[in-house]
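Colleague: coords please:
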Amino acid sequence: MDRYITGDTIRRIREERKMTQEELAERIHVSDKAVSRWETGRGYPDISLLESLAGALGISVIELMKGDHIINTNSASNMAKGRFYVCPVCGNVIRTVGEALVSCCGITLPPLEAEMCDAEHTITAERIGNEYFVSVAHPMTKEHHISFLCAVSDMGTQFVKLYPEGEAEAYFRMERVRDIYVCCNRHALFRLKV
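Modeller: Model (predicted):
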């Protein structure tokens, strides 16, 4: 835990919540001098206090320890503004409706930024009846493959997990789909507007 960032985070969020040091101290059963020491970097909160301190500040323990306060500005839950997070350790894929602090396998995951398709990651979306047949001409080896395909509409997300040595293709219902996403395990997240 970085003393400067944690102290600054405690002070900043306490002030945003319009709490005095004394009010925060009362909520977590410590002295206002202890809160002052943390905020000025002259001490650390005991690990047993982290959960109650984070709760009193209205943030997660991860946000407190990292020094980042995440606010989801997508209060309308616009699916097009959602984010993808992929764990590099276990391959877990998390799709959120907006900004979030996501952790997996002990790592805080950054949101993936979708790039436009390039020559190695060309997404084809062919209309067949009321579906899109989506395919990517891409190697599907254990070392280098497309890990998932996803179709996003304003109503939700259709997700297909892919595995090495399989085909990089899937069918998605066309209804209101706006974007197709493809994730390459080595390069990035790519997007095709449909």
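Colleague: pull the residues that contact stretch 34-47.
Modeller: The contact list for stretch 34-47, computed with C-beta atoms under 8 Å, 6 or more residues apart in numbering, reads 1, 3-4, 6-8, 10-11, 14, 21-22, 24-25, 30, 53. C-beta here means a position set from N, CA and C on the backbone, and glycine is covered the same way.
Colleague: right, and Ser135 touches Phe172 too?
Modeller: No. Assessed by C-beta atoms under 8 Å, Ser135 is found out of contact with Phe172, at 11.5 Å.
Colleague: show me the common contact partners of these two, please.
Modeller: With C-beta under 8 Å, 6+ apart, Ser135 and Phe172 have no common neighbours.
Colleague: please report how far Ala125 lies from Ile180.
Modeller: As judged by C-beta to C-beta, to the nearest Å, Ala125 and Ile180 stand 6 Å apart.
Colleague: also Ile10?
Modeller: Taken as C-beta to C-beta, the spacing of Ile10 relative to Ile180 amounts to 43 Å.
Colleague: swap in Leu149?
Modeller: 7 Å.
Colleague: now for those two: what residues contact both?
Modeller: Shared contacts of Leu149 and Ile180 (C-beta under 8 Å, 6+ apart): Val134, Phe172.
Colleague: Ala125 and Ile180: who's more crowded?
Modeller: Ile180 (24 against 17; other C-beta atoms under 10 Å).
Colleague: and the closest residue to that one other than its chain neighbours, helix, strand or coil?
Modeller: Spatially, and ignoring its direct neighbours in sequence, Ile180 is nearest to Leu192 (4.5 Å; C-beta to C-beta, 6 or more residues apart in numbering). Secondary structure, DSSP: H, G, I helix; E, B strand; the rest coil: Leu192 is strand.
Colleague: which other helices and strands contact the helix or strand bottoming out on mean pLDDT in the chain?
Modeller: Using mean pLDDT, DSSP states H and E, helix 61-66 stands out as the lowest-scoring helix or strand of the chain, at a mean of 74. Under the contact criterion of 3 or more C-beta pairs under 8 Å, 6 or more residues apart in numbering; DSSP states H and E, helix 61-66 touches helix 3-16, helix 50-57.
Colleague: quick check: end-to-end length of stretch 178-194?
Modeller: Start-to-end span of stretch 178-194 (C-alpha to C-alpha, to the nearest Å) is 5 Å.
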